[in-house]
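Engineer: coords please:
(one chain, ligands or ions: 1)
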Amino acid sequence: MTQVTKEQVMAALGGVGDPDRGQDIVSLGMVSEPTVRDGHVLFSIEVDPRRGAAFEPVRSAAELAVRKVPGVLSVTAVLTAERAPDRGQPQPQGPSPVGGGRAAAGQRIELPGIRHVVAVASGKGGVGKSTTAANLALALSANGHRAGLLDADIYGPSMPRMMGLSGKPTTRDGKTLEPMRNYGIPVMSIGFMIEEETPMIWRGPMVQSAITQMIRDVNWGELDVLVVDLPPGTGDAQLTMAQQVPLSGAVIVSTPQDIALLDARKGLNMFRKVDVPVLGIVENMSYFMCPNCGHQTDIFGHGGARQEAARLGMEFLGEIPLDIVIRETSDGGQPIVVGEPEGPHALAYRAIAASAWAALTGAQPRRAPPIVYV
Ligand code: ADP
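Structural biologist: Numbering: from 1, shown residues only. Prediction:
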């Protein structure tokens, strides 16, 4: 295979002009150093936030120019801006059909083949959000829905490992990437494009652009539900992302002890701000299941999430115990829903998936009653 170099990429981009400034984007210092791995190229183009939407043709032209370099298999160009035009100010969303949403500069991302996009979120990292997202997507599939999985946790993409996938996505038409597939579902992750250890510094707008492209420029096919593993936390980046990805609903994952810290409430408020219904909460690491004797120990005050959900008038979707087998299967590339499909944990995830689906189809099209907190 022909080795692609950064120099070749930059040379190709030297032929792409900024129409307003009459010079090429490389000479203008707008292009970041590209990441090149096995023919897959990723780079960003820095633009003035006010020109974001107008710059889309230049972004496409840049991708096209690099795609012509011999040996290049895929190109991801993301637009970045030092300052997001509407940072921290969620745009009001009027009634919109399920699957509707807003892109970076107020454009709607059209996802005609996807009925519902569901985000899996958590107040902080390490609570099992990715494990839940993977098992939820597989459980939806096991329940007979056409499910897909998007790893939007670009700070720590874990889906390649959890879903037992390696290699790089390919493109058939030179425009859209084919998602990777395992256990019958399509999966996309920035982890396929960059090595897990590669340190990447993402700025807010770059994150949104990368996520938007991973949803829009991937050949997902016809899906009933696309499960999106969001980055942990409930800050600005997550908020803006929730605003731009066309979400039909969100599932919040929490451990019993985090509930005490009101992380779930923060998550709930975040989605409320962007008018996305919270489908419910999953309590993960709910209690400890002893692998030797099967004895159940409530290490973290099991049931906290159920109580909190009830208090906040939120759906409680179910609980998953802290069990070594869940860790081993998800870290070993075969999540428990497919690893032990008849086991109690798989059934618990399938029940959660069924409740989420019921909440989702009942929630469309975004007519959840307003919830008032005091
Ligand atoms: P997050 O996405 O919230 O950072 P992960 O899903 O990556 O969390 O989970 C963190 C670690 O905890 C992983 O090693 C995972 O396998 C493990 N884990 C998640 N849920 C459980 C569970 N219910 N029982 C045992 N281990 C779990």
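
Engineer: CA only for contacts and neighbour counts going forward, please
Structural biologist: Noted.

Engineer: what separates stretch 351-363 from the chain centre, distance-wise?
Structural biologist: Computed by CA atoms, centre = their mean, to the nearest Å, the separation of stretch 351-363 from the middle of its chain amounts to 19 Å.

Engineer: show me where the stretch 151-300 of the chain has helices.
Structural biologist: 159-162, 204-216, 236-244, 256-260, 263-273 (DSSP state H, counting those that start in this stretch).

Engineer: Lowest average pLDDT across these?
Structural biologist: Sorting the helices of the stretch 151-300 of the chain by mean pLDDT places helix 256-260 lowest, at a mean of 63.

Engineer: Disregarding residues adjacent in the polypeptide, which is nearest to Gly71?
Structural biologist: Here the nearest residue to Gly71 in space, its sequence neighbours aside, is Thr2; by CA to CA, 6 or more residues apart in numbering that works out to 4.9 Å.

Engineer: same check, this time on Leu322
Structural biologist: Met285 is the one closest to Leu322 (CA to CA, 6+ apart), at 4.0 Å.

Engineer: cool, and Met214?
Structural biologist: Met188 (7.1 Å).

Engineer: residues contacting the one you found?
Structural biologist: Leu149, Leu150, Asp151, Pro179, Met180, Met214, Val218 (CA atoms under 8 Å, 6 or more residues apart in numbering).

Engineer: Got phi/psi on the closest residue in space to Ile194 that isn't next to it in sequence?
Structural biologist: Excluding its sequence neighbours, the residue lying closest to Ile194 (CA to CA, 6+ apart) is Arg37, at 6.8 Å. Note on Arg37: backbone dihedrals following degrees, to the nearest 10 are phi -140, psi 120.

Engineer: Alongside the ligand, which residues does the protein contribute?
Structural biologist: 125-131, 284-285, 320-324, 326-327, 330-331 (CA under 6 Å from any ligand atom).

Engineer: out of these, which are inside strands?
Structural biologist: Asn284, Met285, Ile320, Pro321, Leu322 (DSSP state E).

Engineer: Quick check: the second one touching Ile320?
Structural biologist: Yes: with contact defined as CA atoms under 8 Å, Met285 and Ile320 form a contacting pair (5.9 Å).

Engineer: Let me see the mean pLDDT of stretch 188-199.
Structural biologist: Per-residue scores along stretch 188-199 average to 73.

Engineer: in what helix or strand does Thr2 lie?
Structural biologist: Using DSSP states H and E, Thr2 falls within no helix or strand.

Engineer: my guess is it meets Val69, correct?
Structural biologist: No: between Thr2 and Val69 there is no contact under CA under 8 Å: 9.9 Å.

Engineer: Between the two, which has more neighbouring residues?
Structural biologist: Val69 (17 against 10; other CA atoms under 10 Å).
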